[in-house]
Each structure stands twice: as structure tokens, then as C-alpha cells.
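Enquirer: Give me the fold of what follows.
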Amino acid sequence: MSRMEWGVVIGINLLLIALLVPGVQQSREAARQSTSKNNLKQVAIAFYNYNDTWSYLPPGGTIREDGTAMHGWMIQNYLFMEASHLYDCVDFNNPWDSSENIPVYEWPMGCYQVPGADANYSTTGFALTHYQGNPNLLYRNSSVSLEQLEDGAAHHWLAGEVAGNYQPWGYPFNWRPLGTKLCDGPNSFGHPPWSGGHLLRADGSVTFFTDQTSPEILQAFAEAPPVATRAQTAVPDRKFEYGDFLWERIDLQSDPRAENIYVVKVLRKKWGAPLLINVYTAANISPEVRATYKYQGDILHFLLRIDDSTDITDVLQATSLKEETIPKQWAANMKLLKSIQQQLPQTDAQ
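Expert: Predicted structure coming up:
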């Protein structure tokens, strides 16, 4: 085959690829849209089941009289979404970001995330949500009933996809104003790759609105009564840094007959450097006993966080790990943790 013929063949192949790639991308985005729509339908069912059980929607966030933010509507709703050990692991007597609840809210929730979104964890290790709620129905210590909605449930919205400024799904302030335009910056609703976004209506239906939707239509949704006060919908001046990260699990060495096992989770940039190190403990359960449990994984309990300045030997000597390892195992654990610690970003640079 001559060079000219080879050139023609290569040119045809490149043309075919150029024609196929947009179609593949469109199919992928269509599948993601369908998944996100189904996520919101699950949320709708949970809202309705919660309302049927308690005669009102879950509070947007439970905030104590002293101002301590405890838990948000997403964990309350989750009880009615999936049979999971996670809800039972929450300590509702302590705040969402307390050491008792860190292992729960580090867990990614597919039902609260848009597939393909460019962020899944905060730099502090909490799993994110890509949805937010209606501040007129879900706010501080709210107890709004679906029966209170005026003008019919179809004219109200409950939740929708947001364009950015994502927050942890366990954060007790997961609501924001709808605004009058979708995909209009990180504080708006919508998913920019789709040039619009889904809104979950209070009647349980999910509707896609484009970024060209009339401002008057969105304003009508935003102002549908009842309307909460500014004090009820106030949120802290806090933004979470986030990215496309992953948790890497490493089991530390310890006596296989000991009462506990010890687990390290390292938050990393994908295929990159570590951002933080958490150390956990869990009951050392035999395979035979574990097989009888409904949940087969380890129920982790947060011990401590290691940053670039932590004296690892000193802090771990204060735990039971020292007693449940032989000297060789202890030395290997210290060497491993210190090698990861050396790769952490400097605290003053975070």
C-alpha cells in the first residue's frame, strides 16, 4: 500500500472517530441525567414517607439553642431511602462533624451525587452532595408539612441539582435560594454540562429546566408560600474546598488475636499526593461471626487525624495500638505513617 493510500485510510479513521466521539459523549451525559433524575425521585419518596410518618418534612437542619449545628435533612431522609447501617451509626447527640460521626459523613452517597460531577470530597474528607433543598421548606429546625403548601404541590419545589459551591451531605445547612436563572455561577442551581438542571417538585415529579427558562417561572417557584424568614434560612459564612479525591484504606499491623484492628484512611488527589490522614479502630471480628452480621464491613471509630506537624509516635502511644502490637509491628506502622506524613501539604499552605 502506498503512502498516499495509507494517508487516506488514516484520514478516514480519524474522521470516523471525530464523528463518533460526540455521540458517545451525548449518550454518557444522557445516562448521567437519567441517574440524577432517579436520585431525586428517591429523595421524593423519602420526603413523602417522612411526612407520612411525622406529619411534616424533615428539618432542614437541627440547630441547638446554643447555636451548635447538629444534623441536616439528608441524614433524616436517608432513613426512608435505603436499608443501611449508616443511619444507625450516627450519634445524634453529637454534631455532624464530631469524632463520633466523622466515619459516617466521610461515606459517599450515590443518591446525593450527580454522576460525572467534578468533585466528590471536601479537603477535610467529607463526602459531598450535588443537591440542595428549598430554604422555604427546609431551614433551621423547620417542621413544614406538605399539607401546608398553598397553590398545589406541583407549584412548589423541594430540591435540585446545584452548579457549584458543593457542601458535605452531612452539613446541617444544605439549602439555598433558587434564584431566577439556572447555571448562573457556582451559587446557582443546575448542572452546567447539561445547560440546565432538574428540580424535584413537591408533588414528587422531577422536571428538567433549561438555563433559558424564563426568570418569572423560577421566581414563581422561589416565592411560592409559605416563605421562611431571613433568620430561619440564615447559613454560616463558610465555603468548603473540594476536588476529585479518593480515600485509600491501609490496615495497620497488629496482633490478629487482639480485640481491635487499626485502619488508616488517606485522602488523596486521584493518582496524586495525600491531603490528610485519619486513623480508626474497629472490632476484630472473626470471619465466622462476621458472616452472621447483616452488614459485612468494619464499623470504624475515629481515633485521630495526622497532619504535617503531628508527633505520630507520641499520639499513637496514647492509644491501645501500642498494647496490641509487637515491637516489629509497631516499628513498621510508624515507618509507614511517617512516610505518608512527609508527603502531606504544609499546614500554613492549605
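Enquirer: Every contact and neighbour count from this point should use C-alpha atoms.
Expert: OK.
Enquirer: which residues sit against whatever helix or strand T313 lives in?
Expert: If you go by DSSP states H and E, T313 is part of helix 312-317. For helix 312-317, the external contacting residues (Cα atoms under 8 Å, 6 or more residues apart in numbering) are I306, K322, M334, L337, K338.
Enquirer: Could you list which of those residues belong to strands?
Expert: I306 (DSSP state E).
Enquirer: and which of the contacts of helix 312-317 is nearest N93?
Expert: The shortest distance between N93 and any of the contacts of helix 312-317, using Cα to Cα, involves I306 and amounts to 25.5 Å.
Enquirer: who's in contact with that closest one?
Expert: Contacts for I306 were tallied using Cα under 8 Å, 6+ apart; they are L276, I277, N278, V279, I312, Q341.
Enquirer: which one of those residues sits closest to R230?
Expert: Minimum distance to R230 across those is 36.4 Å, recorded for L276 (Cα to Cα).
Enquirer: Could you count how many residues lie near that closest one?
Expert: Counted with other Cα atoms under 10 Å, the neighbours of L276 add up to 22.
Enquirer: got it, and the one 5 residues further on?
Expert: T281 is flanked by 22 other residues according to other Cα under 10 Å.
Enquirer: try W271
Expert: Here the number of neighbours of W271 (other Cα under 10 Å) works out to 8.
Enquirer: State the distance from I326 to D314.
Expert: For I326, the distance to D314 under the criterion Cα to Cα, to the nearest Å works out to 17 Å.
Enquirer: Please apply the same query to T123.
Expert: Where D314 is concerned, T123 sits at a distance of 25 Å (Cα to Cα).
Enquirer: out of the two, which sits in the busier spot?
Expert: When T123 is set against D314 and neighbours are counted by other Cα under 10 Å, the residue ahead is T123, at 19 against 9.
Enquirer: quick one: the more buried one and D184, what's the gap?
Expert: When Cα to Cα is applied, the distance between T123 and D184 equals 25 Å.
Enquirer: and what of A30?
Expert: Note on A30: its distance to D184, by Cα to Cα, is 21 Å.
Enquirer: Secondary structure element for T207, which one?
Expert: Using DSSP H and E, T207 falls in strand 206-210.
Enquirer: Could you identify the helix or strand that succeeds that strand?
Expert: Using DSSP H and E, the helix or strand that follows strand 206-210 towards the C-terminus is helix 215-222.
Enquirer: Who are the contact partners of L303?
Expert: Applying Cα under 8 Å, 6+ apart to L303 gives the contacts S99, N278, V279, Y280, T281.
Enquirer: Need the three-state assignment for the second one.
Expert: Reducing the assignment at N278 to three states with DSSP: H, G, I helix; E, B strand; the rest coil gives strand.
Enquirer: quick revisit: quickly check the contacts of I306 for the two that are furthest apart.
Expert: Comparing all pairs in these by Cα to Cα, the longest separation belongs to L276 and I312, at 13.4 Å.
Enquirer: how is the protein carved up into domains?
Expert: 37-233, 245-349 (automatic domain parsing).
Enquirer: right, so of those domains, which gets closest to K239?
Expert: Taking Cα to Cα, domain 37-233 is the member of those nearest to K239, at 6.9 Å.
Enquirer: Show me the strands in the chain, by range?
Expert: In the chain, the strands defined using DSSP E lie at 61-63, 69-72, 121-122, 128-129, 131-133, 157-161, 167-168, 196-201, 206-210, 242-243, 245-251, 260-269, 274-283, 301-306.
Enquirer: Which of A30 and D184 has more residues huddled nearby?
Expert: For A30 versus D184, neighbours defined as other Cα under 10 Å are more numerous around D184 (18 against 13).
Enquirer: picking that back up, among the contacts of helix 312-317, name the ones in helices.
Expert: Here DSSP state H is the test, and the contacts of helix 312-317 give M334, L337, K338 as lying in helices.
Enquirer: buried ones in stretch 115-127?
Expert: Of the residues in stretch 115-127, those with enough neighbours to count as buried (16 or more other Cα atoms under 10 Å) are P115, A117, A119, N120, Y121, S122, T123, G125, F126, A127.
Enquirer: now that stretch: mean pLDDT?
Expert: The pLDDT scores in stretch 115-127 average 94.
Enquirer: ok, residues contacting it?
Expert: Surrounding stretch 115-127, the residues in contact under the criterion Cα under 8 Å, 6+ apart are 32, 35-36, 102, 105-109, 113, 128-130, 167-169, 240-246, 267, 275-276.
Enquirer: Fine, thanks again, bye for now.
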